[in-house]
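Participant: The following comprises the amino acid sequence and a computationally predicted model.
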2 protein chains.
Amino acid sequence: MFNISSIYPKKEGYRFDFDYYLNTHMPMSIERLSKAKGFKGVSVERGVDVDEPRIESSYVAMCHYYFDSLENFMSAFMPHAEELQGDIANYTNIQPIIQINEVKITR
Amino acid sequence: MFNISSIYPKKEGYRFDFDYYLNTHMPMSIERLSKAKGFKGVSVERGVDVDEPRIESSYVAMCHYYFDSLENFMSAFMPHAEELQGDIANYTNIQPIIQINEVKITR
């Protein structure tokens, strides 16, 4: 199984509209991708700062898509790539880091 | 639900012993934490580089622990913090980024 992560690192003067991200962008993305072959799950997450012990978030948000294979993800994503990537500017000025991970242990 | 992530960014001259990480460190960590109150799941992942389209991994590895609450995680982790953190040098010279995320959407 693979995790295709979109990771939004904090940067000076960043803008991130969580209302749009959680209520418009990600539901659209999930609607498109979750019907595809090999879809296993998705987690959409917001970074939080913790006071005690002090842990400051390095990332504003993360999204993890789990698919059986990378090929399954690519087949699911490519037909919607332009639409989904074109929508990013509507909620943030952060360029997301795309990270592909192979899941080695899961419980 | 919260995701407590340990994220290992690539750096010049890094060392990362996946055999030790996957077969010794993480099984020990999971054995300690998965019995605790509020444990929901864990995913241990290895970054991969993709050729077509070219996506180079920014992170060597990631581990995501899901707990009902941050308090549950802290209660689970703190008694083992010294042992688990002290073991990091046995598999890597990368200082992991600890990122706390609140899970907003899960499917």
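Facilitator: Sure thing, it's come through.

Participant: need the residues of chain A near chain B, please.
Facilitator: Applying C-beta under 8 Å from any C-beta of the partner chain, we find that chain A lies next to chain B at A:2-3, A:5, A:7, A:18, A:22, A:26-27, A:30, A:34, A:41-50, A:55, A:57-59, A:61-62, A:64, A:70, A:97-107. All C-beta spots, glycine's among them, are computed from the backbone N, C-alpha and C.

Participant: which residue ranges form the helices in chain A?
Facilitator: A:18-20, A:26-33, A:70-77, A:81-86 (DSSP state H).

Participant: Looking at those, spot the one closest to residue B:82.
Facilitator: helix A:18-20 (35.9 Å; C-beta to C-beta).

Participant: Could I get the average pLDDT for the closest one?
Facilitator: For helix A:18-20, the mean pLDDT works out to 98.

Participant: Between the helices of chain A, which one is closest to residue B:75.
Facilitator: For residue B:75, the closest of the helices of chain A is helix A:18-20, at 28.3 Å, according to C-beta to C-beta.

Participant: what's in contact with that closest one?
Facilitator: A:46, A:61, A:90, A:91, B:104 (C-beta atoms under 8 Å, 6 or more residues apart in numbering or on different chains).

Participant: same deal with stretch A:84-99?
Facilitator: Residues contacting stretch A:84-99 (C-beta under 8 Å, 6+ apart): A:4-11, A:13-18, A:20-21, A:24-25, A:28-29, A:32, A:60, A:77, B:47, B:55, B:57-59, B:62.

Participant: which residues of chain A score low on pLDDT?
Facilitator: Counting by pLDDT under 70, not a single residue of chain A qualifies.

Participant: Taking the centroid of it, which residue is nearest it?
Facilitator: Centroid-nearest residue in chain A: residue A:63, 2.4 Å away (criterion: C-alpha atoms, centre = their mean).

Participant: Return the set of residues that bridge with that one.
Facilitator: Beta-bridge pairing for residue A:63 (DSSP bridges): residue A:6, residue A:44.

Participant: Tell me if I'm right that it and residue A:43 touch.
Facilitator: Yes: the criterion here is C-beta atoms under 8 Å, and residue A:63 meets it with residue A:43 at 7.2 Å.

Participant: now residue A:71, nearest residue through space, not along the chain?
Facilitator: Nearest residue to residue A:71, sequence neighbours excluded (C-beta to C-beta, 6 or more residues apart in numbering or on different chains): residue A:38, at 7.8 Å.

Participant: What of residue A:100?
Facilitator: Nearest to residue A:100 is residue B:48, by C-beta to C-beta, 6+ apart, at 5.1 Å.

Participant: what's the residue lying farthest from the centre of chain A sitting at in phi/psi?
Facilitator: Residue farthest from the centre of chain A, counting by C-alpha atoms, centre = their mean, is residue A:52 at 27.3 Å. Reported as degrees, to the nearest 10, the phi and psi values for residue A:52 are phi -140, psi 100.

Participant: which ones are touching the residue nearest to residue A:71?
Facilitator: For residue A:38, the contacting residues are A:67, A:68, A:69, A:71, A:72, A:73, A:75, A:76, taking C-beta under 8 Å, 6+ apart as the criterion.

Participant: how many other residues sit next to the second one?
Facilitator: Residue A:68: 13 surrounding residues under other C-beta atoms under 10 Å in any protein chain shown.
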